[in-house]
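>>> Sequence and predicted structure are below.
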Amino acid sequence: MGRKRAYTPEEFVAKLWQVEVLTGPGKPVAEAVRATGRLTRPTTAGALSSVA
């Protein structure tokens, strides 16, 4: 299974901006991150999982 390509700096900044806009009116950060789409992070086992 191939590894997904990394986000470009522009894509990453756009995701952060979207989260900032959603959290402004009081939406929890975790909910805002889920609403912007999938980001992944390594787990302690080394596999990838969704950011919750």
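Cool, got the structure. All of these numbers come straight from a predicted model, not from anything done at the bench.

>>> From now on I want contacts and neighbour counts done on CA atoms only, so please keep to that.
Noted.

>>> Helix or strand: which one has Val21?
helix 9-23 (DSSP states H and E).

>>> CA atoms of the next helix or strand along the chain from that helix as CSV?
Using DSSP H and E, the helix or strand that follows helix 9-23 towards the C-terminus is helix 29-36. Extracted in CSV, the C-alpha atoms of helix 29-36 (Å, rounded to 0.1, in the frame of the first residue of the first chain):
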residue,chain,number,x,y,z
VAL,A,29,-11.7,22.4,17.6
ALA,A,30,-12.1,18.6,17.1
GLU,A,31,-15.4,19.1,15.4
ALA,A,32,-13.9,21.9,13.2
VAL,A,33,-11.0,19.6,12.1
ARG,A,34,-13.5,16.8,11.2
ALA,A,35,-15.5,19.3,9.2
THR,A,36,-12.5,20.4,7.1
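
>>> what comes up buried for helix 29-36?
Under the neighbour-count criterion of 16 or more other Cα atoms under 10 Å, helix 29-36 has 32-33 buried.

>>> packing partners for it?
helix 9-23 (3 or more Cα pairs under 8 Å, 6 or more residues apart in numbering; DSSP states H and E).

>>> Check which residues of the helix it packs on are buried.
Under the neighbour-count criterion of 16+ other Cα under 10 Å, helix 9-23 has 15, 19, 22-23 buried.

>>> now the residues you listed in CSV, with distance to Arg5?
Putting the buried residues of helix 9-23 into CSV (distance: Cα to Cα, whole Å) gives the following:
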residue, distance to Arg5
Lys15, 16
Val19, 21
Leu22, 26
Thr23, 27
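
>>> Leaving out sequence neighbours, find the closest residue to Val29.
Excluding the flanking residues, the one nearest Val29 by Cα to Cα, 6 or more residues apart in numbering is Thr23, at 6.1 Å.

>>> is it true that the one you found touches Val33?
No. Applying Cα atoms under 8 Å as the test, Thr23 and Val33 come out as separate, 9.4 Å apart.

>>> Before we move on, what's the pLDDT of Tyr44?
Actually, residue 44 is Thr. It isn't Tyr. You'll see Thr44 listed with a pLDDT of 61.

>>> what two of the buried residues of helix 9-23 have the greatest distance between them?
Using Cα to Cα, the buried residues of helix 9-23 reach their maximum pairwise distance at Lys15 and Thr23, which is 12.4 Å.
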